[in-house]
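Participant: starting from these lines, generate the structure:
(one chain, ligands or ions: 1)
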Amino acid sequence: MRGVDPAWLPDEVFRPIGTRRTVIRGSGPLVDTVYGELAEACARYGGGVSREPGPHDLLLELSGSGDSEEFTYELGAGGTTVTASGARGLLYGFFHVVRLGEEAFLGEPVRETHRPAVGLRMLDHWDNVAVHPVMGQVERGYAGGSLFWEDGRARGDLERVAAYGRLLASCGINAVAVNNVNVHAVEARLLTDRIGEVAELAGVFRAYGIRTHLSVTFAAPIVLGGLATADPLDPEVRAWWAAATARVYEAIPDFGGYVVKADSEGQPGPFAYGRSHADGANMLAAALEPYGGTVHWRAFVYDHHQDWRDRTTDRARAAYDHFTPLDGEFAANAVLQVKHGPMDFQVREPVSPLIGAMPGTRLAVELQATQEYTGQQRHVCWLGPMWSEVLRFEPEEGSSVGELARGGLVAVSNVGDDPFWTGHPLAQANLYTFARLAWRPDADVGGILDEWIGLTFGSEAAAGVRAVMAGSWRTYEKYTAPLGVGFMVQPGHHYGPSVDGYEYSPWGTYHFADRDGVGVDRSVASGTGYAGQYGKRWAEVYETVASCPDELLLFFHHVPYGHVLKSGKTVIQHIYDTHFEGVEEVEQAQREWASSAGVVDPVRHARVAGLFEEQLRSAREWRDQINSYFFRKSGVADERGRTIY
Ligand code: GCU
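Facilitator: A predicted model of the protein is given here:
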């Protein structure tokens, strides 16, 4: 598409296919999509594509009509073959060959079967249809306006959505929720009289094997249906949802289902009627069940009107406390969608103790690709290593988070109508990495980065781009809130430092720094008891200062500034050192990027170079505010005598 960055699908990656002869067998919309890709590549590079048997270098064969996403890839004497029994398998097999490039034709003979480890691989868009006075068009969006909505309605031109669907299909995403989980008045109507607009989007996504989902308000029967109640056990309410859902499926036969944020940050929910969240979720599950739809019920439920003086309430405990008593009560097509950490997408959090604690419930794990707390797509922060750590974490020995996410892996999207899709061009890597990890949560994440770099930049720029990105999450962690304590951001928009910004607020996000020490005591012995929400193994690890890993120490414990970490440094010296190092690492990355000038296309290079100026300014601000704050609190000087204000 003209004027839009091709991201990881520049023309060049289709050259190996485009110069060869391909035979494609099978029929249906997804086969047509693949055929269209081949035809375009061959027109560009001189190869050929045929739907009839004949001589070929590549054979793509759809052998059935099922829903399977699996494909078999073979490189042998007769050329390269992809076979699949489901059309999406063929689509994914095709893009597998694209990713391999020449390797798919010239490599060693091989026969492999690929299938996704996670069935639902989804992006949730926090897009508003109408511009919200505070949150704008995209809540926590850092990439311009919405791809879907503009001026209060669906965009007339959906070419960009098609280009997006193509990018997503190429890395295996199969579901998209098209509106914000905070459902305002205009957006609520997407469920009813404005479903046609959602159907237009669904029509575009369908050609890429992507099902469309919708965020709905729990109060819909009241605000849209004129009923007096939204009580999930009320027969009229249930009938209203059943009828509304029937109409949704008339418009979108392959509709994926609903996403619901209930009783959370002001959204309505079942608590108002004295009902449980299982009652709420199951009512929607019942409405969706006849059509094979799923309700994604979010577990992000906590008290956001907390009194900071109250040391007994702990926001980190909330999801576990609310939901574990309901294990086993959720319908088969209800999925409980849990944020990966107990708080809110901080740069470092422990894994949510809810994951692994509800064996009788299908859980989806939610990650945040949009960089709300991780630099807002003005800072380079490749989140792959964090996500990989989360997905490999084993709440109980032998079963990882990736395996426990039976209900899917979901990320909050980082995309908008920005020409580079993600504002910061290097933030495209987060989208790509999420998708590839969702396909295979135990994949080597460094390999995913290399794959993304290779596709996006080609080989010449690879080493330089890798040097800028590989350690960028840890760098970001170094110059922001230390040792897992979280927040310390400016309230509201969440960009830039404000150490006490949330310290006396109702949001439950405190660090409790005083002249002697810092951190939140979440032990069972003397704190909020949160550490006890884990299974025995991790509960023991997190319970004591001695066994708690350094990087989470201030999340779990309040310790004196002179406490010596496992690294051998005191907490206060660790704070100083990491903040100086973090800024130095940004300076180093900036130099590295500057030296890639000749091998990265100039427009992309200039955009990133400009953003580095802001990242460096912001990192210095973080360093100086954090260091000065803790120096003033503690009175302890930096061992190395560096400047602290
Ligand atoms: C964060 C974010 C909100 C969002 C919420 C959610 O708190 O700041 O904008 O609505 O998460 O996940 O629902």
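Participant: low-confidence ranges, this protein, go.
Facilitator: 1-2 (pLDDT under 70).
Participant: switch to 90 and redo it
Facilitator: Segments of the chain classed as low confidence (criterion: pLDDT under 90) are 1-4, 65-66, 78, 107, 151.
Participant: what residues does this structure put near the ligand?
Facilitator: Taking C-beta under 6 Å from any ligand atom as the criterion, the chain approaches the ligand at residues 139, 140, 181, 182, 261, 265, 300, 344, 372. C-beta here means a position set from N, CA and C on the backbone, and glycine is covered the same way.
Participant: show me what the helix or strand containing residue 337 is packed against.
Facilitator: Using DSSP states H and E, residue 337 sits within strand 334-339. Under the contact definition 3 or more C-beta pairs under 8 Å, 6 or more residues apart in numbering; DSSP states H and E, strand 334-339 sits against helix 277-288, strand 294-298, helix 318-323, strand 362-368, strand 408-412.
Participant: kindly recompute the last result at 7 Å.
Facilitator: Of the remaining helices and strands, those touching strand 334-339 by 3 or more C-beta pairs under 7 Å, 6 or more residues apart in numbering; DSSP states H and E are helix 277-288, strand 294-298, strand 362-368.
Participant: any residues touching that strand, and which ones?
Facilitator: 281-282, 285, 294-300, 319, 323, 330, 345, 352, 354-355, 358, 361-366, 407-408, 410 (C-beta atoms under 7 Å, 6 or more residues apart in numbering).
Participant: distance of residue 95 relative to residue 116?
Facilitator: 13 Å (C-beta to C-beta, to the nearest Å).
Participant: for the most centrally placed residue in the chain, give its distance to the ligand.
Facilitator: Nearest residue to the geometric centre of the chain (C-alpha atoms, centre = their mean): residue 411, 2.4 Å. Distance of residue 411 to the ligand, given as C-beta to the nearest ligand atom, to the nearest Å: 12 Å.
Participant: just confirm that residue contacts residue 123, I think it does.
Facilitator: Yes: A contact is recorded between residue 411 and residue 123 when judged using C-beta atoms under 7 Å, the distance being 5.7 Å.
Participant: let me see the contact set for the residue nearest to the centre of the chain.
Facilitator: 123, 367, 368, 369, 434.
Participant: ok but the last one is inside a strand, no?
Facilitator: It stands for residue 434. No: read with DSSP: H, G, I helix; E, B strand; the rest coil, residue 434 is helix and lies in no strand.
Participant: give the contact list for it.
Facilitator: Residues near residue 434 by C-beta under 7 Å, 6+ apart: 367, 369, 387, 411.
Participant: separate out the buried members of those.
Facilitator: 367, 369, 387, 411 (16 or more other C-beta atoms under 10 Å).
Participant: quickly find the element holding residue 606.
Facilitator: Using DSSP H and E, residue 606 falls in helix 602-634.
Participant: typo on my end, it should be residue 84
Facilitator: Using DSSP H and E, residue 84 sits within strand 79-86.
Participant: quick one: strands adjacent to that strand?
Facilitator: strand 58-66 (parallel), strand 71-76 (antiparallel) (DSSP bridges).
Participant: what's the last one in contact with?
Facilitator: Yep, that's strand 71-76 we're talking about. By C-beta under 7 Å, 6+ apart, strand 71-76 touches 81-84, 89-90, 92-93, 96, 104, 107, 109-114.
Participant: restrict that strand to CA atoms and write it as PDB.
Facilitator: Listed next in PDB are the C-alpha coordinates belonging to strand 71-76 (Å, rounded to 0.1, in the frame of the first residue of the first chain):
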ATOM      1  CA  PHE A  71       0.700 -27.200   8.000                       C
ATOM      2  CA  THR A  72       3.400 -29.500   6.800                       C
ATOM      3  CA  TYR A  73       6.400 -28.000   5.100                       C
ATOM      4  CA  GLU A  74       8.700 -30.100   3.100                       C
ATOM      5  CA  LEU A  75      11.800 -29.400   1.100                       C
ATOM      6  CA  GLY A  76      12.700 -32.500  -1.000                       C
END
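Participant: report the buried residues of it.
Facilitator: Quick answer for strand 71-76 (16+ other C-beta under 10 Å): 71, 72, 73, 74, 75.
Participant: for the first one, same thing?
Facilitator: Residues of strand 58-66 classed as buried: 58, 59, 60, 61, 62 (neighbour count, 16+ other C-beta under 10 Å).
Participant: domains for the protein, by residue range?
Facilitator: Domain ranges of the chain: 11-114, 121-457, 477-520+558-634, per automatic domain parsing.
Participant: distance from the chain centre to stretch 410-420, please.
Facilitator: Its chain's C-alpha centre and that of stretch 410-420 lie 10 Å apart, by C-alpha atoms, centre = their mean, to the nearest Å.
Participant: before we move on, back to that, helices or strands up against the helix holding residue 606?
Facilitator: Counting by 3+ C-beta pairs under 7 Å, 6+ apart, helix 602-634 packs on helix 472-479, helix 571-595.
Participant: now do it against helix 472-479, angle only.
Facilitator: Orientation check (axes from the mean of the first three to the mean of the last three C-alpha atoms, to 10 degrees): helix 602-634 against helix 472-479 gives 30 degrees.
Participant: how about helix 602-634: buried residues?
Facilitator: 604-605, 607-609, 611-612, 615-616, 618-620, 622-627, 629-631, 633-634.
Participant: residue 441: what's it in contact with?
Facilitator: Contacts of residue 441 (C-beta under 7 Å, 6+ apart): 117, 118, 391, 402.
Participant: helices - which of these land there?
Facilitator: 391, 402 (DSSP state H).
Participant: looking at the contacts of residue 441, which has the most residues close by?
Facilitator: Comparing these by number of neighbours (other C-beta atoms under 10 Å), residue 391 comes first, having 27 neighbours.
Participant: wait, that residue touches residue 400, no?
Facilitator: Yes: between residue 391 and residue 400 there is a contact under C-beta under 7 Å: 6.5 Å.
Participant: state the helix or strand in which the residue nearest to residue 49 when sequence neighbours are not counted lies.
Facilitator: Distance criterion C-beta to C-beta, 6 or more residues apart in numbering; nearest residue to residue 49, sequence neighbours excluded, is residue 38 at 4.0 Å. Taking DSSP H and E as the definition, residue 38 sits inside helix 29-45.
Participant: ditto for residue 97
Facilitator: Residue-wise, residue 97 maps onto helix 87-100 under DSSP H and E.
Participant: give me the distance from that helix to the chain's centre.
Facilitator: 23 Å.
Participant: and what of stretch 450-464?
Facilitator: 23 Å.
Participant: in that stretch, what's buried?
Facilitator: 451, 452, 453, 454, 455, 456, 457, 458, 461, 462, 464.
Participant: grab the nearest non-local neighbour of the last one.
Facilitator: Going back to what we said before, that points to residue 464. residue 596 (3.9 Å).
Participant: ok, residue 470 next?
Facilitator: residue 449 (6.4 Å).
Participant: ok, now residue 222?
Facilitator: residue 230 (5.2 Å).
Participant: returning to that earlier point: which one of the contacts of residue 411 is nearest residue 536?
Facilitator: residue 367 (26.6 Å; C-beta to C-beta).
Participant: what's the spacing between the closest one and the ligand?
Facilitator: Going from residue 367 to the ligand by C-beta to the nearest ligand atom gives 11 Å.
Participant: that residue contacts residue 340, doesn't it?
Facilitator: Yes: Residue 367 lies in contact with residue 340 (C-beta under 7 Å); the separation is 5.6 Å.
Participant: quick one on the thing from earlier: pull the CA atoms of the strand holding residue 84 into PDB?
Facilitator: Written as PDB, here are the backbone C-alpha positions of strand 79-86 (Å, rounded to 0.1, in the frame of the first residue of the first chain):
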ATOM      1  CA  GLY A  79      10.800 -29.000  -4.700                       C
ATOM      2  CA  THR A  80       9.200 -27.300  -1.800                       C
ATOM      3  CA  THR A  81       5.700 -28.300  -0.600                       C
ATOM      4  CA  VAL A  82       3.300 -27.000   1.900                       C
ATOM      5  CA  THR A  83       0.200 -29.100   2.700                       C
ATOM      6  CA  ALA A  84      -2.600 -28.200   5.000                       C
ATOM      7  CA  SER A  85      -6.000 -29.600   5.800                       C
ATOM      8  CA  GLY A  86      -7.400 -26.200   6.800                       C
END
